[in-house]
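K.L.:
I would like the atomic coordinates for the input below:
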Amino acid sequence: MAKGGCYWHGALCGRSNHHLCRSLGQEWPTSASNRLTLGVIGLGSMGLRNLIGFLAEKDCQVVAVCDVDAQRRREALTEVANQYGGKTCDACNDFRDVVARKDIDLLCISVPDHWHSIVSIAGISAGKDIYGEKPLALTISEGRAMADTVTRHSCVWQTGSWQRSTRISVSRVNWCATNGSANCKRSKSV
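P.N.:
I've put the predicted structure just below:
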């Protein structure tokens, strides 16, 4: 399945853009199942909400869930079974098991912040497209390494970062621009 095109954006957003693709003259994917396969890594509050959102999409099939917490894995498997008529998916506690799977097209990464770059770079390097929760990374150098890996592997990346439009985030950007971004290494709300 060729990467690129508006259907990847729709899948990563959790919304189908099938009609938009047709109106733009782009073809909908023609894989045998006509579905993108997804692995969900991190099943805490946001991870479970993201899982539920992806389960509702007809063009997406959740094939693996991953979390170090066994209770969270059980909750996720229950959600999958409820949506897929009793059928479930694989569950594991090591993200590397999901990343290594050749049958997975994309990953939804909702792990604790200090794991974002580690899990993401592993997934991108394995040829997966990524929906990653914010923040993109903890440091500018981690973010740069992730961006460079995305470019090197030509993957599709989307970050869930609606907060960038909030008043406090805009004021941080303005502060960095006014005071010299070279001195700004990290920004955190308190």
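
K.L.:
least confident secondary structure element in the protein?
P.N.:
Lowest on mean pLDDT, DSSP states H and E among the helices and strands of the chain sits helix 18-23, with a mean of 41.

K.L.:
each with direction, which strands does whichever helix or strand comes after that one pair with?
P.N.:
Note on helix 18-23: by DSSP states H and E, the next helix or strand toward the C-terminus is strand 36-41. The pairing partners recorded for strand 36-41 under DSSP bridges are strand 60-66 (parallel), strand 106-109 (parallel).

K.L.:
tell me the buried residues in whichever helix or strand comes after the last one?
P.N.:
From strand 106-109 onward toward the C-terminus, using DSSP H and E, the following helix or strand is helix 116-125. Buried residues in helix 116-125, counted by 16 or more other Cβ atoms under 10 Å: 116-117, 119-124. Every residue, glycine included, has its C-beta placed from N, CA and C.

K.L.:
after helix 116-125, next one along is what?
P.N.:
Per DSSP H and E, helix 116-125 leads on to strand 129-133 as the next helix or strand towards the C-terminus.

K.L.:
hang on, the earlier thing: out of the strands paired with strand 36-41, flag the one nearest residue 97.
P.N.:
Proximity to residue 97, assessed across the strands paired with strand 36-41 by Cβ to Cβ, is greatest for strand 60-66 (7.0 Å).

K.L.:
buried ones in stretch 39-53?
P.N.:
Quick answer for stretch 39-53 (16+ other Cβ under 10 Å): 39-43, 47-48, 50-51.

K.L.:
same thing with stretch 75-91?
P.N.:
Buried residues in stretch 75-91, counted by 16+ other Cβ under 10 Å: 75-77, 79-80, 83, 88-91.

K.L.:
make a markdown table out of these and add secondary structure.
P.N.:
Formatted as a markdown table, the buried residues of stretch 75-91 follow (DSSP: H, G, I helix; E, B strand; the rest coil):
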| residue | secondary structure |
| --- | --- |
| 75 | helix |
| 76 | helix |
| 77 | helix |
| 79 | helix |
| 80 | helix |
| 83 | helix |
| 88 | coil |
| 89 | coil |
| 90 | strand |
| 91 | strand |
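
K.L.:
would a markdown table of the residues you listed with pLDDT and distance to residue 139 be doable?
P.N.:
Below are the buried residues of stretch 75-91 laid out as a markdown table (pLDDT from 0 to 100; distance: Cβ to Cβ, whole Å):
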| residue | pLDDT | distance to residue 139 |
| --- | --- | --- |
| 75 | 97 | 32 |
| 76 | 98 | 30 |
| 77 | 98 | 34 |
| 79 | 97 | 33 |
| 80 | 97 | 34 |
| 83 | 95 | 37 |
| 88 | 93 | 37 |
| 89 | 96 | 33 |
| 90 | 97 | 33 |
| 91 | 98 | 31 |
